[in-house]
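A.B. asks: Provide a 3D model corresponding to the input given below.
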Amino acid sequence: MKGGAAMKRFAVAVLAALAAACPAAPAHATFSIAAYDSVTQELGVAVQSRAFSVGMAVPWAEAGVGAIATQASTNESFGPQGLNLLRSGKGAPEVMRTLLDADSGSAHRQLGVVDAKGRSANFTGKLCSSWAGGVTGPGYAIQGNILAGEAVVKGMERAFLDTKGELAERLLAALVAGQAAGGDKRGMESAAIVVVRPSDSYPEYRHRYVDLRVEDHKDPINELIRVYRILEGQRLAEAHMRYAELYEKSGKKDLAQLERERVSASLKHALARPDVDASTLNGLAWICATNNVHLEEALKAAERAVTLEPKNAEILDTLAEVHYRSGNPAKAIEVESQAAALSPNDQYLKDQINRFKSGTK
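C.D. replies: Numbering: from 1, shown residues only. All right, here's what the predicted structure looks like:
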(Lines give C-alpha, C1' and ligand atoms only; values in the text may rest on other atoms or scores of the structure.)
Protein backbone atom coordinates (compact mmCIF):
# COMPACT_ATOMS: atom_id res chain seq x y z
CA MET A 1 0.00 0.00 0.00
CA LYS A 2 2.85 2.36 0.89
CA GLY A 3 4.52 1.58 -2.43
CA GLY A 4 1.25 2.24 -4.24
CA ALA A 5 0.84 5.63 -2.57
CA ALA A 6 4.40 6.56 -3.50
CA MET A 7 3.77 5.56 -7.10
CA LYS A 8 0.64 7.73 -7.19
CA ARG A 9 2.58 10.71 -5.83
CA PHE A 10 5.26 10.15 -8.48
CA ALA A 11 2.67 9.98 -11.28
CA VAL A 12 1.02 13.19 -10.08
CA ALA A 13 4.41 14.92 -10.00
CA VAL A 14 5.18 13.80 -13.55
CA LEU A 15 1.81 15.00 -14.84
CA ALA A 16 2.28 18.34 -13.10
CA ALA A 17 5.72 18.74 -14.66
CA LEU A 18 4.35 17.93 -18.10
CA ALA A 19 1.51 20.40 -17.65
CA ALA A 20 3.97 23.10 -16.65
CA ALA A 21 6.26 22.36 -19.58
CA CYS A 22 3.57 22.21 -22.27
CA PRO A 23 0.86 24.79 -22.95
CA ALA A 24 -2.60 23.35 -22.40
CA ALA A 25 -4.11 25.14 -25.38
CA PRO A 26 -4.56 23.33 -28.70
CA ALA A 27 -1.94 24.14 -31.32
CA HIS A 28 -3.06 25.86 -34.51
CA ALA A 29 0.08 26.22 -36.59
CA THR A 30 -1.31 28.22 -39.45
CA PHE A 31 -1.40 31.39 -41.51
CA SER A 32 -4.21 33.92 -41.28
CA ILE A 33 -5.31 37.42 -42.15
CA ALA A 34 -7.66 39.69 -40.22
CA ALA A 35 -8.84 42.72 -42.19
CA TYR A 36 -11.18 45.70 -42.55
CA ASP A 37 -12.84 47.25 -45.63
CA SER A 38 -13.17 51.01 -45.23
CA VAL A 39 -15.81 51.28 -48.00
CA THR A 40 -18.33 48.71 -46.72
CA GLN A 41 -17.10 48.56 -43.08
CA GLU A 42 -16.82 44.79 -43.42
CA LEU A 43 -14.47 42.97 -41.07
CA GLY A 44 -13.19 39.47 -41.57
CA VAL A 45 -10.68 36.69 -41.03
CA ALA A 46 -9.42 33.98 -43.35
CA VAL A 47 -7.20 31.13 -42.20
CA GLN A 48 -5.58 27.86 -43.34
CA SER A 49 -3.88 25.18 -41.26
CA ARG A 50 -2.58 21.64 -41.18
CA ALA A 51 -4.71 21.24 -38.06
CA PHE A 52 -8.28 19.89 -38.12
CA SER A 53 -11.18 22.39 -38.02
CA VAL A 54 -9.15 25.58 -37.72
CA GLY A 55 -12.32 27.62 -38.17
CA MET A 56 -13.60 26.53 -34.75
CA ALA A 57 -10.83 28.33 -32.88
CA VAL A 58 -8.89 30.95 -34.83
CA PRO A 59 -11.30 33.47 -36.46
CA TRP A 60 -13.50 35.89 -34.50
CA ALA A 61 -15.34 38.96 -35.79
CA GLU A 62 -18.20 41.31 -35.03
CA ALA A 63 -19.45 44.13 -37.26
CA GLY A 64 -18.65 47.60 -35.99
CA VAL A 65 -16.26 46.07 -33.46
CA GLY A 66 -13.30 44.20 -34.93
CA ALA A 67 -11.71 41.00 -36.18
CA ILE A 68 -9.30 38.71 -34.33
CA ALA A 69 -7.14 35.73 -35.28
CA THR A 70 -5.79 33.76 -32.33
CA GLN A 71 -3.42 30.89 -33.15
CA ALA A 72 -0.16 28.96 -32.46
CA SER A 73 -0.80 27.55 -28.98
CA THR A 74 -4.28 28.94 -29.30
CA ASN A 75 -5.87 30.84 -26.45
CA GLU A 76 -9.45 30.79 -27.73
CA SER A 77 -10.57 33.16 -24.99
CA PHE A 78 -8.68 35.91 -26.83
CA GLY A 79 -11.57 35.88 -29.32
CA PRO A 80 -14.53 36.81 -27.12
CA GLN A 81 -12.39 38.76 -24.63
CA GLY A 82 -10.76 40.74 -27.40
CA LEU A 83 -14.11 41.60 -28.99
CA ASN A 84 -15.39 42.75 -25.60
CA LEU A 85 -12.39 45.07 -25.24
CA LEU A 86 -12.83 46.41 -28.76
CA ARG A 87 -16.52 46.95 -28.10
CA SER A 88 -15.61 49.06 -25.07
CA GLY A 89 -13.74 51.48 -27.34
CA LYS A 90 -10.16 50.27 -27.07
CA GLY A 91 -8.09 50.21 -30.26
CA ALA A 92 -6.42 47.13 -31.74
CA PRO A 93 -2.90 47.76 -30.28
CA GLU A 94 -4.27 48.34 -26.77
CA VAL A 95 -6.49 45.27 -26.96
CA MET A 96 -3.55 43.13 -28.03
CA ARG A 97 -1.40 44.37 -25.15
CA THR A 98 -4.21 43.87 -22.63
CA LEU A 99 -4.82 40.27 -23.70
CA LEU A 100 -1.14 39.33 -23.69
CA ASP A 101 -0.32 41.04 -20.39
CA ALA A 102 -2.92 38.88 -18.66
CA ASP A 103 -1.71 35.63 -20.26
CA SER A 104 1.08 33.62 -18.64
CA GLY A 105 1.47 31.60 -21.83
CA SER A 106 1.95 34.56 -24.15
CA ALA A 107 5.33 33.30 -25.38
CA HIS A 108 3.47 30.49 -27.15
CA ARG A 109 0.73 32.67 -28.66
CA GLN A 110 0.22 34.36 -31.99
CA LEU A 111 -2.42 37.03 -32.36
CA GLY A 112 -3.75 39.43 -35.01
CA VAL A 113 -6.26 42.19 -34.25
CA VAL A 114 -7.99 44.76 -36.48
CA ASP A 115 -10.55 47.23 -35.17
CA ALA A 116 -13.49 48.96 -36.84
CA LYS A 117 -11.38 52.03 -37.59
CA GLY A 118 -8.82 50.02 -39.51
CA ARG A 119 -6.14 50.06 -36.81
CA SER A 120 -4.17 46.83 -36.67
CA ALA A 121 -1.68 44.98 -34.51
CA ASN A 122 -0.17 41.52 -34.26
CA PHE A 123 2.13 39.55 -32.01
CA THR A 124 4.26 36.43 -32.29
CA GLY A 125 5.48 34.81 -29.08
CA LYS A 126 9.18 33.99 -28.84
CA LEU A 127 8.43 30.27 -28.38
CA CYS A 128 6.24 29.91 -31.49
CA SER A 129 7.67 27.33 -33.89
CA SER A 130 9.59 28.76 -36.83
CA TRP A 131 9.17 30.26 -39.25
CA ALA A 132 6.83 32.52 -37.31
CA GLY A 133 5.99 36.18 -37.75
CA GLY A 134 3.71 38.61 -39.47
CA VAL A 135 3.07 41.97 -41.11
CA THR A 136 0.53 44.71 -40.50
CA GLY A 137 -0.75 47.74 -42.35
CA PRO A 138 -3.79 50.01 -42.40
CA GLY A 139 -6.77 47.67 -42.19
CA TYR A 140 -4.96 44.33 -42.04
CA ALA A 141 -2.92 42.01 -39.81
CA ILE A 142 -1.26 38.93 -41.34
CA GLN A 143 0.46 36.26 -39.25
CA GLY A 144 1.63 32.68 -39.37
CA ASN A 145 3.75 30.03 -37.69
CA ILE A 146 5.47 26.82 -38.80
CA LEU A 147 5.60 28.43 -42.23
CA ALA A 148 7.90 27.80 -45.17
CA GLY A 149 9.32 31.28 -44.55
CA GLU A 150 8.68 35.01 -44.44
CA ALA A 151 7.67 34.92 -48.11
CA VAL A 152 4.34 33.43 -47.03
CA VAL A 153 3.14 36.50 -45.12
CA LYS A 154 4.72 38.89 -47.63
CA GLY A 155 2.93 37.14 -50.48
CA MET A 156 -0.34 37.32 -48.59
CA GLU A 157 0.14 41.03 -48.06
CA ARG A 158 0.79 41.70 -51.74
CA ALA A 159 -2.22 39.67 -52.82
CA PHE A 160 -4.52 41.37 -50.33
CA LEU A 161 -3.43 44.85 -51.39
CA ASP A 162 -3.45 44.10 -55.14
CA THR A 163 -6.80 42.28 -55.32
CA LYS A 164 -9.88 44.33 -56.15
CA GLY A 165 -13.43 43.62 -55.08
CA GLU A 166 -15.12 42.81 -51.83
CA LEU A 167 -13.35 41.84 -48.65
CA ALA A 168 -14.02 38.09 -48.93
CA GLU A 169 -12.38 38.01 -52.37
CA ARG A 170 -9.29 39.77 -51.02
CA LEU A 171 -9.06 37.47 -48.01
CA LEU A 172 -9.27 34.38 -50.21
CA ALA A 173 -6.64 35.81 -52.56
CA ALA A 174 -4.34 36.22 -49.56
CA LEU A 175 -4.77 32.56 -48.62
CA VAL A 176 -4.03 31.44 -52.18
CA ALA A 177 -0.86 33.55 -52.25
CA GLY A 178 0.26 32.29 -48.86
CA GLN A 179 -0.07 28.70 -49.97
CA ALA A 180 1.70 29.44 -53.27
CA ALA A 181 4.65 30.76 -51.26
CA GLY A 182 4.92 27.53 -49.28
CA GLY A 183 2.23 27.94 -46.64
CA ASP A 184 2.26 25.79 -43.52
CA LYS A 185 5.33 23.63 -44.07
CA ARG A 186 3.54 20.61 -42.58
CA GLY A 187 0.85 20.68 -45.28
CA MET A 188 -2.87 21.49 -45.50
CA GLU A 189 -6.03 20.23 -43.81
CA SER A 190 -8.57 22.92 -42.94
CA ALA A 191 -9.51 26.46 -43.85
CA ALA A 192 -12.15 29.02 -42.95
CA ILE A 193 -13.42 32.49 -43.73
CA VAL A 194 -15.62 34.76 -41.63
CA VAL A 195 -16.86 38.17 -42.76
CA VAL A 196 -19.30 40.42 -40.90
CA ARG A 197 -21.01 43.60 -42.07
CA PRO A 198 -22.98 46.32 -40.29
CA SER A 199 -26.68 46.74 -41.03
CA ASP A 200 -29.57 47.98 -38.91
CA SER A 201 -32.09 46.51 -41.34
CA TYR A 202 -30.40 43.09 -41.51
CA PRO A 203 -28.77 42.53 -38.10
CA GLU A 204 -27.95 38.91 -38.95
CA TYR A 205 -25.10 40.18 -41.14
CA ARG A 206 -23.39 41.67 -38.08
CA HIS A 207 -22.36 38.16 -37.04
CA ARG A 208 -22.68 36.00 -40.17
CA TYR A 209 -22.34 37.67 -43.53
CA VAL A 210 -19.87 35.04 -44.73
CA ASP A 211 -19.17 32.06 -42.47
CA LEU A 212 -17.64 29.04 -44.21
CA ARG A 213 -15.41 26.22 -42.99
CA VAL A 214 -13.59 23.33 -44.58
CA GLU A 215 -12.83 21.00 -41.70
CA ASP A 216 -10.74 18.20 -43.27
CA HIS A 217 -9.70 18.26 -46.93
CA LYS A 218 -6.60 17.57 -49.02
CA ASP A 219 -6.97 20.96 -50.74
CA PRO A 220 -8.87 23.10 -48.22
CA ILE A 221 -8.24 26.53 -49.77
CA ASN A 222 -9.61 25.60 -53.18
CA GLU A 223 -12.50 23.80 -51.53
CA LEU A 224 -13.20 26.93 -49.49
CA ILE A 225 -13.22 28.99 -52.69
CA ARG A 226 -15.57 26.46 -54.32
CA VAL A 227 -18.17 26.70 -51.57
CA TYR A 228 -17.71 30.47 -51.41
CA ARG A 229 -18.67 30.69 -55.10
CA ILE A 230 -21.91 28.86 -54.28
CA LEU A 231 -22.61 31.29 -51.43
CA GLU A 232 -21.73 34.22 -53.68
CA GLY A 233 -24.29 33.16 -56.25
CA GLN A 234 -27.08 32.75 -53.73
CA ARG A 235 -27.02 34.42 -50.31
CA LEU A 236 -24.48 37.14 -51.14
CA ALA A 237 -26.18 38.18 -54.36
CA GLU A 238 -29.38 38.72 -52.41
CA ALA A 239 -27.46 40.63 -49.73
CA HIS A 240 -25.90 42.95 -52.31
CA MET A 241 -29.29 43.84 -53.71
CA ARG A 242 -30.58 44.49 -50.20
CA TYR A 243 -27.71 46.88 -49.53
CA ALA A 244 -28.21 48.52 -52.93
CA GLU A 245 -31.82 49.26 -52.02
CA LEU A 246 -30.82 50.65 -48.62
CA TYR A 247 -28.15 52.86 -50.17
CA GLU A 248 -30.59 54.15 -52.80
CA LYS A 249 -33.07 55.12 -50.12
CA SER A 250 -30.39 57.01 -48.18
CA GLY A 251 -29.12 58.82 -51.27
CA LYS A 252 -25.81 56.95 -51.49
CA LYS A 253 -25.97 56.34 -55.23
CA ASP A 254 -22.31 55.39 -55.65
CA LEU A 255 -22.50 52.70 -52.98
CA ALA A 256 -25.76 51.37 -54.45
CA GLN A 257 -24.07 51.04 -57.83
CA LEU A 258 -21.11 49.26 -56.21
CA GLU A 259 -23.46 46.66 -54.74
CA ARG A 260 -25.10 46.09 -58.12
CA GLU A 261 -21.69 45.75 -59.76
CA ARG A 262 -20.81 43.03 -57.27
CA VAL A 263 -23.87 41.06 -58.31
CA SER A 264 -22.64 41.38 -61.89
CA ALA A 265 -19.25 40.06 -60.79
CA SER A 266 -20.97 37.10 -59.13
CA LEU A 267 -22.83 36.37 -62.36
CA LYS A 268 -19.61 36.44 -64.35
CA HIS A 269 -17.90 34.13 -61.87
CA ALA A 270 -20.80 31.68 -62.10
CA LEU A 271 -20.93 31.72 -65.89
CA ALA A 272 -17.16 31.12 -66.05
CA ARG A 273 -17.39 27.96 -63.95
CA PRO A 274 -17.74 24.75 -65.98
CA ASP A 275 -19.09 22.96 -62.91
CA VAL A 276 -21.66 25.55 -61.85
CA ASP A 277 -24.98 24.04 -60.79
CA ALA A 278 -28.43 24.95 -62.05
CA SER A 279 -29.56 26.22 -58.64
CA THR A 280 -26.81 28.84 -58.45
CA LEU A 281 -27.49 30.05 -62.00
CA ASN A 282 -31.22 30.14 -61.35
CA GLY A 283 -30.84 32.09 -58.12
CA LEU A 284 -28.60 34.71 -59.71
CA ALA A 285 -30.86 35.08 -62.74
CA TRP A 286 -33.95 35.52 -60.56
CA ILE A 287 -32.33 38.13 -58.32
CA CYS A 288 -31.18 40.12 -61.33
CA ALA A 289 -34.50 39.84 -63.14
CA THR A 290 -36.64 40.89 -60.21
CA ASN A 291 -34.34 43.87 -59.61
CA ASN A 292 -34.11 44.77 -63.32
CA VAL A 293 -30.32 44.64 -63.40
CA HIS A 294 -27.78 42.81 -65.59
CA LEU A 295 -30.54 41.29 -67.70
CA GLU A 296 -28.25 40.22 -70.55
CA GLU A 297 -26.07 38.14 -68.21
CA ALA A 298 -29.17 36.95 -66.35
CA LEU A 299 -30.58 35.58 -69.59
CA LYS A 300 -27.37 33.60 -70.20
CA ALA A 301 -27.52 32.22 -66.66
CA ALA A 302 -31.19 31.24 -66.93
CA GLU A 303 -30.73 29.59 -70.32
CA ARG A 304 -27.78 27.59 -69.02
CA ALA A 305 -29.77 26.54 -65.95
CA VAL A 306 -32.56 25.28 -68.22
CA THR A 307 -30.01 23.33 -70.24
CA LEU A 308 -28.88 21.64 -67.03
CA GLU A 309 -32.42 20.97 -65.76
CA PRO A 310 -34.89 21.29 -68.68
CA LYS A 311 -37.82 19.79 -66.76
CA ASN A 312 -37.56 22.11 -63.76
CA ALA A 313 -40.63 24.36 -63.69
CA GLU A 314 -39.05 26.79 -61.23
CA ILE A 315 -36.07 27.36 -63.52
CA LEU A 316 -38.33 27.77 -66.56
CA ASP A 317 -40.28 30.37 -64.58
CA THR A 318 -37.04 32.28 -64.00
CA LEU A 319 -36.18 32.18 -67.69
CA ALA A 320 -39.66 33.45 -68.51
CA GLU A 321 -39.28 36.29 -66.00
CA VAL A 322 -35.95 37.32 -67.54
CA HIS A 323 -37.51 37.35 -71.02
CA TYR A 324 -40.40 39.45 -69.75
CA ARG A 325 -38.16 41.96 -67.97
CA SER A 326 -36.02 42.14 -71.11
CA GLY A 327 -39.01 43.28 -73.17
CA ASN A 328 -39.96 39.97 -74.78
CA PRO A 329 -43.41 39.05 -73.42
CA ALA A 330 -44.18 36.59 -76.22
CA LYS A 331 -41.13 34.49 -75.36
CA ALA A 332 -41.96 34.82 -71.68
CA ILE A 333 -45.45 33.41 -72.27
CA GLU A 334 -44.03 30.55 -74.35
CA VAL A 335 -41.53 29.52 -71.67
CA GLU A 336 -43.99 30.00 -68.79
CA SER A 337 -46.47 27.77 -70.61
CA GLN A 338 -43.83 25.03 -70.68
CA ALA A 339 -43.43 25.43 -66.92
CA ALA A 340 -47.19 25.29 -66.40
CA ALA A 341 -47.39 22.11 -68.48
CA LEU A 342 -44.91 20.49 -66.09
CA SER A 343 -46.93 21.64 -63.04
CA PRO A 344 -50.54 21.96 -64.23
CA ASN A 345 -51.93 22.50 -60.72
CA ASP A 346 -49.59 25.38 -59.86
CA GLN A 347 -51.74 28.52 -59.73
CA TYR A 348 -48.69 30.77 -59.48
CA LEU A 349 -47.52 29.70 -62.94
CA LYS A 350 -50.97 30.38 -64.38
CA ASP A 351 -50.94 33.81 -62.75
CA GLN A 352 -47.53 34.48 -64.28
CA ILE A 353 -48.90 33.75 -67.78
CA ASN A 354 -51.81 36.13 -67.18
CA ARG A 355 -49.41 38.75 -65.88
CA PHE A 356 -47.23 38.51 -68.94
CA LYS A 357 -50.28 38.74 -71.21
CA SER A 358 -51.58 41.84 -69.42
CA GLY A 359 -48.21 43.56 -69.33
CA THR A 360 -48.30 43.98 -65.55
CA LYS A 361 -44.96 44.51 -63.82
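
A.B. asks: Check the secondary structure at R213 for me.
C.D. replies: Following DSSP: H, G, I helix; E, B strand; the rest coil, R213 is assigned to strand.

A.B. asks: same deal with V47?
C.D. replies: With three-state DSSP as the basis, V47 sits in strand.

A.B. asks: Show the pLDDT at it.
C.D. replies: pLDDT for V47: 98.

A.B. asks: One more: A5?
C.D. replies: 52.

A.B. asks: cool, and L18?
C.D. replies: We have a pLDDT of 34 for L18.

A.B. asks: got it, and the one 4 residues further on?
C.D. replies: In the prediction, the pLDDT value recorded for C22 is 40.

A.B. asks: again, but for the one 10 residues further on
C.D. replies: In the prediction, the pLDDT value recorded for S32 is 98.

A.B. asks: Pretty sure it sits in a helix.
C.D. replies: No: going by three-state DSSP, the assignment for S32 is strand, not a helix.

A.B. asks: Spit out the contact partners of V322.
C.D. replies: A285, C288, A289, L295, A298, L299, A302 (CB atoms under 8 Å, 6 or more residues apart in numbering). All C-beta atoms are positioned from the backbone trio N, CA, C, and that covers glycine.

A.B. asks: Among the residues you listed, which one has the most neighbours?
C.D. replies: Compared across those, A285 has the highest neighbour count, 31 neighbours, by other CB atoms under 10 Å.

A.B. asks: returning to that earlier point: of the contacts of V322, closest to E321?
C.D. replies: Using CB to CB, the shortest approach to E321 within those belongs to A289, at 4.6 Å.

A.B. asks: As a check, name the ranges of all helices in the stretch 151-300 of the chain.
C.D. replies: Using DSSP state H, counting those that start in this stretch, the helices of the stretch 151-300 of the chain run over residues 151-162, 167-180, 220-231, 237-249, 253-272, 278-290, 295-308.

A.B. asks: Mean pLDDT for the ones you listed - can I get that in a markdown table?
C.D. replies: Formatted as a markdown table, these follow (pLDDT from 0 to 100):
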| stretch | mean pLDDT |
| --- | --- |
| helix 151-162 | 98 |
| helix 167-180 | 98 |
| helix 220-231 | 96 |
| helix 237-249 | 96 |
| helix 253-272 | 95 |
| helix 278-290 | 96 |
| helix 295-308 | 98 |
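
A.B. asks: Tell me which of these lies nearest to H323.
C.D. replies: helix 295-308 (7.4 Å).

A.B. asks: residues of the closest one that come out buried?
C.D. replies: For helix 295-308, burial by neighbour count (16 or more other CB atoms under 10 Å) applies to L295, E297, A298, L299, K300, A301, A302, E303, R304, A305, V306.

A.B. asks: And for stretch 105-125?
C.D. replies: Residues 106, 108-116, 118-125 are the ones in stretch 105-125 that count as buried (16+ other CB under 10 Å).

A.B. asks: Stretch 214-225 too?
C.D. replies: By 16+ other CB under 10 Å, the buried positions in stretch 214-225 come out as V214, P220, I221, N222, E223, L224, I225.

A.B. asks: Serialize these to TSV and add fields for distance to A192.
C.D. replies: As requested, these are arranged in TSV below (distance: CB to CB, whole Å):
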residue	distance to A192
V214	7
P220	9
I221	10
N222	14
E223	11
L224	7
I225	12
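
A.B. asks: Name the nearest of these relative to V152.
C.D. replies: Set against V152, the nearest of those by CB to CB is I221 (12.8 Å).

A.B. asks: Report the contact partners of the closest one.
C.D. replies: Contacts of I221 by CB under 8 Å, 6+ apart are Q48, L172, L175, V176, Q179, M188, A191.
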